[in-house]
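Colleague: Sequence isn't available, so here's the structure alone:
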């Protein structure tokens, strides 16, 4: 007769999630990803500005009238903020994650 594996308790699952959140490497990667996103938003600022102008002009009709501007923002953000672009960024800056991990550890002490 096969025995069932014990189901993890809610406390055990929350402890595992907490440990994952508190790892310095995860924290450093989160910081880098946040900065990467901010850079992408800066690169897409013209598209965002055009959409904002359209939205102010059209009011409630923004959904129908500004689709092309919204699509331009989506395309731009995908180009500059996709997982592939982030991985490429990390490969172009090989020591960045390790450097930030060390900085996170030092600031925690």
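Modeller: Nice, thanks for sending it over. These numbers come from a predicted model, not from an experiment.
Colleague: rest of the way, CA atoms for contacts and neighbours
Modeller: Noted.
Colleague: Look through the protein and tell me its longest helix.
Modeller: For the chain, the helix that runs over the most residues, judged by DSSP state H, is helix 24-43.
Colleague: okay, and the helix or strand of the chain with the least pLDDT?
Modeller: Lowest by mean pLDDT, DSSP states H and E among the helices and strands of the chain is helix 10-22, with a mean of 56.
Colleague: hang on, the earlier thing: show me what the longest helix of the chain packs onto, helices and strands only.
Modeller: Under the contact criterion of 3 or more CA pairs under 8 Å, 6 or more residues apart in numbering; DSSP states H and E, helix 24-43 touches helix 67-81, helix 96-108.
Colleague: May I see those helices arranged in TSV, with mean pLDDT and distance to residue 54 as well?
Modeller: Conversion of those to TSV gives the following (pLDDT from 0 to 100; distance: least, CA to CA, whole Å):
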stretch	mean pLDDT	distance to residue 54
helix 67-81	96	8
helix 96-108	68	39
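Colleague: export these to a markdown table and tack on mean neighbour count and distance to residue 58?
Modeller: Shown next, in a markdown table, are those (neighbours: other CA atoms under 10 Å; distance: least, CA to CA, whole Å):
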| stretch | mean neighbour count | distance to residue 58 |
| --- | --- | --- |
| helix 67-81 | 16 | 12 |
| helix 96-108 | 14 | 44 |
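Colleague: Any idea which of these gets closest to residue 39?
Modeller: Shortest distance between residue 39 and those, using CA to CA, is found for helix 67-81: 8.3 Å.
Colleague: the inter-axis angle of that closest one versus helix 24-43?
Modeller: Counting by axes from the mean of the first three to the mean of the last three CA atoms, to 10 degrees, helix 67-81 lies at 140 degrees to helix 24-43.
Colleague: which other helices and strands contact helix 67-81?
Modeller: On a contact count with 3+ CA pairs under 8 Å, 6+ apart, helix 67-81 meets helix 24-43, helix 45-58.
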